[in-house]
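Novice: predicted model and sequence below, questions to follow.
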Amino acid sequence: MSKKTLKIRDLTLRDGQQSLFATRMTQDQVDRVLPLFKDARFYAMEVWGGAVPDSIMRYLSENPWERLEKIKEAIGDVSLLTALSRGRNLFGYNPYPEEVIEGFNRLAVQSGIGIMRIFDALNDVENMKSTIRYVKQNGGIADCAISFTVDPKFSTRQKFRSWMTHFKALPHDIFTIDYFVEKARQLEALGADMISIKDMAGLISPSQTGKLIRRLKSEVRVPIDFHTHCTPGYGLASVLSAIVNGVDIVDTNIWNFAGGPAAPAYELIHIFCNKLGIDTGVNTEAVAAINKELKTIRQELAEFDTCKSFPIEFDFTKEKLPKEINKLFIKAIYHAKHDREEELLCTCLEIETYFNFPEPDEAVKKAEIPGGMYTNMHAQLKQLKLDHLLPRVLELVPLVRIKSGCPPLVTPTSQIVGVQAVNCVIDENKDLPYFTTKSIQFVNLVKGVYGRTPIPVDPDFREQLTGVREETAYDTKNYKKQENTVFEEYGDMKIAENEKDELLLELFPTVARDFLQKCVEEKYTENIHHIEEEKRRKAREAREAYDRLSPQEKRDRLMEGLYSWHELSFPEEEDLGRS
């Protein structure tokens, strides 16, 4: 009987460093591990998209396209390179015109992307259609991700008030297993080559994971990938639940870039797979070598490290597990197979505690929101010296979600909802009605500019907030292309010299403009330097040729004007001239 297999998508160089180190890995640091990653032979490596293009231009003055191309050159066809993008919205808020979507996906695939993970912050499949088409047209694999989220949780007081005021119960049972399976079916019908469950907040429990994977495996024909984070403490247990229920691919990070806000460690998954008789196809010796270098890189990134504490040093290719820890892995598998969620969670927590991975974030777990959203709201309140009102903001997040059509809490909707919840508390403290203070992004979300929300927005509320009753989609005819500035002071050089530069300008207008202008300045300076060097070279050659002449020939050449004192520029010029 052939051994079962499980494919691994490594997230270390994109989601891993983004979750733990604010996407600050430099090209030099990436280059140091690429030969080892090639030896590791992961099925796929997520290396691009997400915050990478913006961050490396903004903080590192590096070119995103060059990073992707260098990684592709080093990895070749050993592992498929993966990027993350938001369908029609790509990296922004408003939908982009078709030519921008087409250009981005075409050039991404040409530059090395094998799998484009496509998601939409509202799970609106219409926003993903064209990206699926363009990725496949250019030979890429369309990985269609469904953003996992949970229903808003209301207090008894909020439920009672809604019933007394509106004579109806607050919405519930929105994000059911049926909801996610139906989204998967729709995406498969649109041409998805694989389906990913994208649990960016780490909110999916092991029991929910098992039910969802079983349904997807029975009702969808394409491979299923499972992606989650460890922030609230479900991550490792939920990945194990996905594996025992037949998932095709799981997303992991390497040891020193794993746990906490990031995904579970590959090494822990490997131990589970060994005990389950599952082959991941990964070269474990190379993974151990990568991890050794990652520890050094993590030390170099200490100022950006959100966790600070490192997992214990453990070489899973050589060291044996202590007996009591080995038993924990066996117990966890038993609990996962029998859907004993509480026991599974406790056992996995014991495993992670032993290896010194970060403890679950209880505040995020209780609030059931992404960690980044929680910290952003806290930071916003702290800036206003209102951080003592955070509990009240958390109470209002469910109300803001329902009012805006219950969007999943994923970038950018998590930030839109979070900011608006803070605005509502500010209004409350000024004795103003909720939504007096509002962001343009929240207004656009309610209006329908970003796409169709999971539940309809109340037309009365939409009219009150936006002035229109009907859902109003964004009209790309109103889109204004970024100006390709010409710098007269730099020899009429353009800020964008090719299509890749033009796309950076469209997708990241402010950051890319600053970055590309610096590139123009540097290129112009290099050109001037090159011209000056060329002048000096010619002068040296002229001087050398002049030095080989006899005294009479020198005088003759000078008299004939074949050489000038300026070109030759040597100390005895004046004496020769006078003679």
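Specialist: Perfect, thanks for sending it.
Novice: helices along the stretch 101-250 of the chain, start to end?
Specialist: 129-137, 156-166, 177-189, 206-219, 235-244 (DSSP state H, counting those that start in this stretch).
Novice: and of those, who's closest to Lys438?
Specialist: For those, distance to Lys438 was read as Cβ to Cβ. The smallest value, 20.5 Å, belongs to helix 156-166. Any C-beta I mention is one placed from the backbone N, CA and C, and that applies to glycine too.
Novice: would you map the strands across the stretch 201-350 of the chain?
Specialist: Assigned by DSSP state E, counting those that start in this stretch, the strands in the stretch 201-350 of the chain fall at 224-228, 249-252, 278-279.
Novice: most tightly packed of the helices of the stretch 101-250 of the chain?
Specialist: Mean neighbour count (mean count of other Cβ atoms under 10 Å) peaks for helix 235-244 among the helices of the stretch 101-250 of the chain, with a mean of 28.
Novice: dump the strands of the stretch 201-350 of the chain to JSON lines, plus distance to Phe355, mean neighbour count and mean pLDDT.
Specialist: Shown next, in JSON lines, are these (distance: least, Cβ to Cβ, whole Å; neighbours: other Cβ atoms under 10 Å; pLDDT from 0 to 100):
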{"stretch": "strand 224-228", "distance to Phe355": "18", "mean neighbour count": "25", "mean pLDDT": "98"}
{"stretch": "strand 249-252", "distance to Phe355": "14", "mean neighbour count": "26", "mean pLDDT": "98"}
{"stretch": "strand 278-279", "distance to Phe355": "21", "mean neighbour count": "14", "mean pLDDT": "97"}
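Novice: mind putting these into CSV with distance to Arg215?
Specialist: Shown next, in CSV, are those (distance: least, Cβ to Cβ, whole Å):
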stretch, distance to Arg215
strand 224-228, 10
strand 249-252, 17
strand 278-279, 21
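Novice: of all those, which lies closest to Ser439?
Specialist: So among the strands of the stretch 201-350 of the chain, strand 224-228 is nearest, using Cβ to Cβ, at 28.6 Å.
Novice: note down every partner strand of that closest one and its orientation.
Specialist: strand 194-199 (parallel), strand 249-252 (parallel) (DSSP bridges).
Novice: where's that strand relative to the chain centroid, distance-wise?
Specialist: 15 Å (Cα atoms, centre = their mean, to the nearest Å).
Novice: and what of stretch 21-29?
Specialist: 13 Å.
Novice: what's the least confident stretch among the helices of the stretch 101-250 of the chain?
Specialist: Note on these: helix 156-166 shows the lowest mean pLDDT, a mean of 59.
Novice: how much space separates Leu381 from Val425?
Specialist: Separation of Leu381 from Val425 (Cβ to Cβ, to the nearest Å): 8 Å.
Novice: overlap in contacts of these two?
Specialist: 389, 393 (Cβ atoms under 8 Å, 6 or more residues apart in numbering).
Novice: so those two - more neighbours on which side?
Specialist: Counted by other Cβ atoms under 10 Å, Leu381 and Val425 do not tie: Val425 has more neighbours, with 24 against 19.
Novice: tell me which helix or strand the more buried one sits in.
Specialist: helix 413-429 (DSSP states H and E).
Novice: in that helix, what counts as buried?
Specialist: Under the neighbour-count criterion of 16 or more other Cβ atoms under 10 Å, helix 413-429 has 413-428 buried.
Novice: and for stretch 10-30?
Specialist: 10-26, 29-30.
Novice: just these: which are in strands?
Specialist: Judged by DSSP state E, the subset of the buried residues of stretch 10-30 located in strands is Asp10.
Novice: tell me which helix or strand Lys554 sits in.
Specialist: Going by DSSP H and E, Lys554 is part of helix 551-560.
Novice: redo the strands paired with strand 224-228 as JSON lines? Include distance to Glu506.
Specialist: Formatted as JSON lines, the strands paired with strand 224-228 follow (distance: least, Cβ to Cβ, whole Å):
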{"stretch": "strand 194-199", "distance to Glu506": "25"}
{"stretch": "strand 249-252", "distance to Glu506": "29"}
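Novice: my guess is Val181 contacts Ser218. True?
Specialist: No. Using Cβ atoms under 8 Å, Val181 is not in contact with Ser218; the gap is 9.3 Å.
Novice: report the contact partners of the closest residue to Gln137 other than its chain neighbours.
Specialist: Spatial nearest neighbour of Gln137, chain neighbours left out: Arg106 (7.9 Å); criterion: Cβ to Cβ, 6 or more residues apart in numbering. Shown in contact with Arg106 (Cβ under 8 Å, 6+ apart): 134, 137-138.
Novice: closest to Ile495 among the residues you listed?
Specialist: Tyr134 (25.5 Å).
Novice: assumed Glu489 was part of a helix.
Specialist: Yes. Checked against DSSP: H, G, I helix; E, B strand; the rest coil, Glu489 lies within a helix.
Novice: neighbours of it, how many?
Specialist: 9.
Novice: what pLDDT is listed against Phe91?
Specialist: Reported pLDDT for Phe91: 90.
Novice: contacting residues for it?
Specialist: Phe91 makes contact with 53-54, 85, 507-508, according to Cβ under 8 Å, 6+ apart.
Novice: which one in these is the model shakiest on?
Specialist: For the contacts of Phe91, the pLDDT minimum is Ser85, 93.
Novice: so what pairs up with that residue in the strands?
Specialist: Bridge pairing for Ser85 - DSSP bridges - gives Ile118.
Novice: about what we covered before: and of the buried residues of helix 413-429, the nearest to Tyr266?
Specialist: Ser414 (26.8 Å).
Novice: surely Leu301 meets Phe21?
Specialist: Yes. Between Leu301 and Phe21 there is a contact under Cβ under 8 Å: 4.5 Å.
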